[in-house]
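S.K.: need coordinates for the following:
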Amino acid sequence: MKKNTRFNRRQFLQGCIASSAYASTMSSGLLWSNSAFAADATTKFIFMYSPQGAIPELWHPTATGSNFELPAMSAPLEAVKQHCLFMDKLTLDRPGHGPNYKLMGEHITSIDCVLSQTIGQTTPFASLHLGVLNGSASMSRINRQRLDYESNPINAFQRLFGQPPTSNLHNTQQHSILDLHKSSLTRFAQSVGSSEKIRLESHTDAIRALEKRLDSALEETVGGQCSGGAFNANGFDGDESNGDNFDIIFDLHTDLLVLAMQCGLTRVSSLMLNNTGAEIFIPSIGASSSYHSSIHSGPGRDDKYLKYRHYFSQKSAEFIAKLRDAQDTDGSSLLDNTVLLHVTDTGHGSHHDGDSPPYFLAGGSRLIKTGQAVSLPNANCKDLLDTMAHLAGIDVGHPSYEIHGSGPISSLLS
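M.R.: Model prediction:
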């Protein structure tokens, strides 16, 4: 007598891809998007955190509309402002030093993992979580369980591609995940009925087809996009606690995110620059104290605060430029198919308030109204999380969606 084993497509996919540490983000949960595959198949989502806000008058654009300039703290973003959407007058609830998770929604599952449980299921890695000198801080959780961020880019590369960065990326796809789990699949096939077995075969065929597409993409782009030959060309030694290494760790993590998205490995990622403690010390920028101390250091504080916030704006601009200059699989810019949301934990860092925090969006003009500065006095930062969910094709009005804000901000959408 055959066992009455219920075949579940999601459980099957989870089992096949569970060999990756990041695949844990494909945990169980209701698919309450309009469709798990409803959003444009090429759209990617990035959540990027930098700590301790900014001085609003030194960060927010000088005017609304498209004819604006950026003051001292956000000035590095001038080079990419045509790809950005700046928002003033937003309100941030419960600002100040504290749990990072509140920035991504204060419910059971953070917004990045909400996306990983829906659109993330169309890629080998549901989401990536990378940190630059972030310590043990995390913005992300599933079912109240925090997700660790990988702070070492060498480890992150190996988890993604199964080999050290010195390897040929084309070789990483030569061993099928199905072959690695062949015995388990055989036993599972023997435990189900004929109709479930047909469905199992259909799903394994689909996975093999996905692997072939990935392999084909790698074959076509050796030496170009999706090629890791230059990864860690400067020889990062793995020391992820030294402030002097902030630049190289940031560069490697952002290189890796671009590479992973070009290779079709993921569509959802989160990147943390330090943490809410903001105790990072980066001598190379001319700072004489830690970031936290610079915010609260009395006379001359604004100039010290400016150095750090200017630096984080510079790193953000560099990442946006990388996305702009990278080619996606459809031939367009990777940035054209991406929405990046920058978040932080205060408005004015010294005041620990939630007024006008330096949140901004960057991405493709087909998705958001880029090259604009807007004032949103009636909006909460949580509404931006709803906006990201909406762009991913998620029905934020569905009862299974944990409401993060009052709904998408329609005026930001193209």
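S.K.: and A39, what's its pLDDT?
M.R.: Model confidence at A39, expressed as pLDDT, equals 36.
S.K.: where does P71 sit: helix, strand or coil?
M.R.: Assigned state for P71: coil (three-state reduction, DSSP: H, G, I helix; E, B strand; the rest coil).
S.K.: what sits against it?
M.R.: If you count contacts by Cβ atoms under 8 Å, 6 or more residues apart in numbering, P71 has them with 57-62. No exception for glycine: its C-beta is placed from N, CA and C like everyone else's.
S.K.: next one: P95
M.R.: Contacts for P95 were tallied using Cβ under 8 Å, 6+ apart; they are 53, 345-347, 352-354, 357.
S.K.: considering those residues, which possesses the most neighbours?
M.R.: Within the contacts of P95, neighbour counts (other Cβ atoms under 10 Å) peak at G53, which reaches 31 neighbours.
S.K.: check which helix or strand that one maps to.
M.R.: In the assignment (DSSP states H and E), G53 maps to no helix and no strand.
S.K.: if I look at it, how far off is F86?
M.R.: 14 Å (Cβ to Cβ, to the nearest Å).
S.K.: repeat that for I108.
M.R.: Taking Cβ to Cβ as the measure, I108 and F86 are separated by 31 Å.
S.K.: please say which of these two ends up with more neighbours.
M.R.: The residue with more neighbours, out of I108 and F86, is F86; 24 against 14, by other Cβ under 10 Å.
S.K.: tell me the helix or strand right after the helix or strand where that one lies.
M.R.: Per DSSP H and E, F86 falls inside strand 84-88. The helix or strand immediately downstream of strand 84-88 is helix 111-116, counting by DSSP H and E.
S.K.: check the offset of that following helix from the chain's centre.
M.R.: Chain-centre distance of helix 111-116: 10 Å, with Cα atoms, centre = their mean, to the nearest Å.
S.K.: what helices and strands are in contact with that helix?
M.R.: strand 44-49, strand 268-273, helix 381-391 (3 or more Cβ pairs under 8 Å, 6 or more residues apart in numbering; DSSP states H and E).
S.K.: export those to TSV and tack on distance to A189?
M.R.: Listed next are these as TSV, based on distance: least, Cβ to Cβ, whole Å:
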stretch	distance to A189
strand 44-49	35
strand 268-273	31
helix 381-391	37
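S.K.: same list (the ones you listed) but as CSV, adding mean pLDDT, distance to L185 and mean neighbour count.
M.R.: Below are the helices and strands packed on helix 111-116 laid out as CSV (pLDDT from 0 to 100; distance: least, Cβ to Cβ, whole Å; neighbours: other Cβ atoms under 10 Å):
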stretch, mean pLDDT, distance to L185, mean neighbour count
strand 44-49, 98, 30, 25
strand 268-273, 97, 27, 27
helix 381-391, 96, 34, 23
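S.K.: between these, which one is nearest to G405?
M.R.: In this view, the helices and strands packed on helix 111-116 are compared for proximity to G405 by Cβ to Cβ, and helix 381-391 is the closest at 3.3 Å.
S.K.: shaky segments in the stretch 51-200 of the chain?
M.R.: 99, 101, 163-182, 184, 199 (pLDDT under 70).
S.K.: what segments of it are strands?
M.R.: 84-88, 128-132, 141-142, 145-146 (DSSP state E, counting those that start in this stretch).
S.K.: tally of neighbours for A79?
M.R.: A total of 15 residues lie near A79 under the criterion other Cβ under 10 Å.
S.K.: quick check: it touching F319?
M.R.: No. Using Cβ atoms under 8 Å, A79 is not in contact with F319; the gap is 11.9 Å.
S.K.: show me where the stretch 201-350 of the chain has strands.
M.R.: If you assign secondary structure with DSSP E, counting those that start in this stretch, the strands in the stretch 201-350 of the chain sit at 268-273, 338-343.
S.K.: any chance of those strands in JSON lines, plus distance to F125?
M.R.: Shown next, in JSON lines, are these (distance: least, Cβ to Cβ, whole Å):
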{"stretch": "strand 268-273", "distance to F125": "9"}
{"stretch": "strand 338-343", "distance to F125": "16"}
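S.K.: and of these, who's closest to A137?
M.R.: Of the strands of the stretch 201-350 of the chain, nearest to A137 by Cβ to Cβ is strand 268-273, at 6.3 Å.
S.K.: show me what that closest one is in contact with.
M.R.: By Cβ under 8 Å, 6+ apart, the list of residues contacting strand 268-273 from outside reads 44-51, 100, 104, 112, 115-116, 119-120, 126-134, 137-140, 149, 250, 253-254, 257, 260-261, 312, 315, 319.
S.K.: now do the same contact list for V258.
M.R.: Under the criterion of Cβ under 8 Å, 6+ apart, the neighbours of V258 are 322-323, 326, 334.
S.K.: just among those, which is most surrounded?
M.R.: Ranking the contacts of V258 using other Cβ under 10 Å puts L323 first, with 26 neighbours.
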